[in-house]
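*Asks:* Take this sequence and fold it.
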Amino acid sequence: MSKLKYALYTGCTARESTPELLMSTLAIAKALDIELVLLDEASCCGASHLQDFDDQLSLVLNARNIVYAEKLGLTMVTICNTCQLNTAMAKERLDHDPKLKETINGKLKEVGLEYKGTSEVKHFLYALVDDLGIDAIAEKVTKPLTDMQIGAFYGCHNIRPSELHASSNGGESAYAPTSIDRLIVALGGKNVEYEHKNKCCGFHVELQAPDTANRLSSAAMLDAIDNGAEVLVTPCPLCHLRMDTQQAHISQTAGREVKIPILHLPQMVGIALGIPRAELGLKHHVSDVTFV
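*Replies:* Reported below is the predicted structural model:
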């Protein structure tokens, strides 16, 4: 098997608000012999907000980001569910609408770029699970997550709409996703099954309706806690920000304590691979992760 190599689109959040996500992603990629080329010229995906304000601008930005992966001849991998959604939606529309593609390329031409549609876009989770393979990851485990009760929180944008993501996520079911669950078991952990693992965390309504955001977060977190989860893991930095930094407000809205460590997906993998805490950025968390 040849060495896996991808163009890494970090998005904004992993560069600034959750630097531990980028740190841990690079750390596990090195440990798993995956080469990641950072797309340093790429910009924001629009975060599902620009799309409502200026659709064409959002398409230009996302097409431009993909072009940088195309120039390398590599599949683009994302590490944010919302980045994955917006990039995949832009690609889907451009690849199936020649007139729209021509319009967007007219704008890209102003900066010497052209979108061709030659690069795939997938979340790093599925590069790990589908391309590298769970068995290959399990072979690298040096510190099994023995007796650790872990709840997988998938969020929304990585699995919905299913017809958009099917080609890049191995056909993961939006109703009963299993990829992270299977990864947890392969790392030696105890997977905790709970109903809300594929629900919304509330991040995108936090500014407009914080109470609603807190109710959405608490529903998922309490469901996991009440089913025995001692830690939650998510592939999305926005879900992580909501659940890691807002536990006091979530608890207040829920009327009971909502307290649980929240890990980024690469951090969980990195722990099992025996990567030092400092390289996984565990000091950046608000929730208590001293159990690691």
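*Asks:* secondary structure element for Asp52?
*Replies:* Taking DSSP states H and E as the definition, Asp52 sits inside helix 50-53.
*Asks:* who's in contact with the nearest residue in space to Asp131 that is not next to it in sequence?
*Replies:* Spatial nearest neighbour of Asp131, chain neighbours left out: Leu4 (5.8 Å); criterion: CB to CB, 6 or more residues apart in numbering. C-beta coordinates here come from the backbone N, C-alpha and C atoms, glycine included. Going by CB atoms under 8 Å, 6 or more residues apart in numbering, Leu4 touches Asp33, Ile34, Glu35, Ala127, Asp131, Leu132.
*Asks:* Could you report the pLDDT at Phe291?
*Replies:* Reported pLDDT at Phe291 in the predicted model: 78.
*Asks:* Which neighbouring elements make contact with the helix or strand of the chain with the lowest mean pLDDT?
*Replies:* Lowest on mean pLDDT, DSSP states H and E among the helices and strands of the chain sits helix 50-53, with a mean of 90. Here helix 50-53 touches helix 55-72, going by 3 or more CB pairs under 8 Å, 6 or more residues apart in numbering; DSSP states H and E.
*Asks:* mind listing what's buried in the helix it packs on?
*Replies:* Residues of helix 55-72 classed as buried by neighbour count (16 or more other CB atoms under 10 Å): 58-71.
*Asks:* what residues does the helix or strand following it touch?
*Replies:* Note on helix 55-72: by DSSP H and E, the next helix or strand toward the C-terminus is strand 76-78. Here strand 76-78 makes contact (CB under 8 Å, 6+ apart) with 6-9, 11, 36, 39, 65-66, 69, 84, 87, 119-124, 127.
*Asks:* which neighbours does strand 76-78 have in its sheet, and in what orientation?
*Replies:* strand 5-9 (parallel), strand 121-123 (parallel) (DSSP bridges).
*Asks:* ok, back up a step: show me which residues of the least confident helix or strand of the chain are buried.
*Replies:* Applying 16+ other CB under 10 Å to helix 50-53 flags Leu50, Gln51 as buried.
*Asks:* As PDB, could you dump the C-alpha coordinates of that helix?
*Replies:* In PDB, the C-alpha atoms belonging to helix 50-53 read as follows (Å, rounded to 0.1, in the frame of the first residue of the first chain):
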ATOM      1  CA  LEU A  50     -21.900  33.700   4.400                       C
ATOM      2  CA  GLN A  51     -24.000  31.200   2.300                       C
ATOM      3  CA  ASP A  52     -27.100  33.000   3.500                       C
ATOM      4  CA  PHE A  53     -25.800  36.500   2.800                       C
END
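*Asks:* please begin residue numbering at 50 from this point
*Replies:* Sure, I'll start numbering at 50, so the last one becomes helix 99-102.
*Asks:* Strands along the stretch 100-249 of the chain, start to end?
*Replies:* Counting by DSSP state E, counting those that start in this stretch, the segments of the stretch 100-249 of the chain that form strands are 125-127, 170-172, 198-201, 239-241.
*Asks:* a markdown table for these, including distance to Ile311?
*Replies:* Output for those, formatted as a markdown table (distance: least, CB to CB, whole Å):
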| stretch | distance to Ile311 |
| --- | --- |
| strand 125-127 | 19 |
| strand 170-172 | 18 |
| strand 198-201 | 10 |
| strand 239-241 | 14 |
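*Asks:* any chance of those in JSON lines, with mean neighbour count and mean pLDDT too?
*Replies:* Below are those laid out as JSON lines (neighbours: other CB atoms under 10 Å; pLDDT from 0 to 100):
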{"stretch": "strand 125-127", "mean neighbour count": "29", "mean pLDDT": "98"}
{"stretch": "strand 170-172", "mean neighbour count": "26", "mean pLDDT": "98"}
{"stretch": "strand 198-201", "mean neighbour count": "24", "mean pLDDT": "98"}
{"stretch": "strand 239-241", "mean neighbour count": "19", "mean pLDDT": "98"}
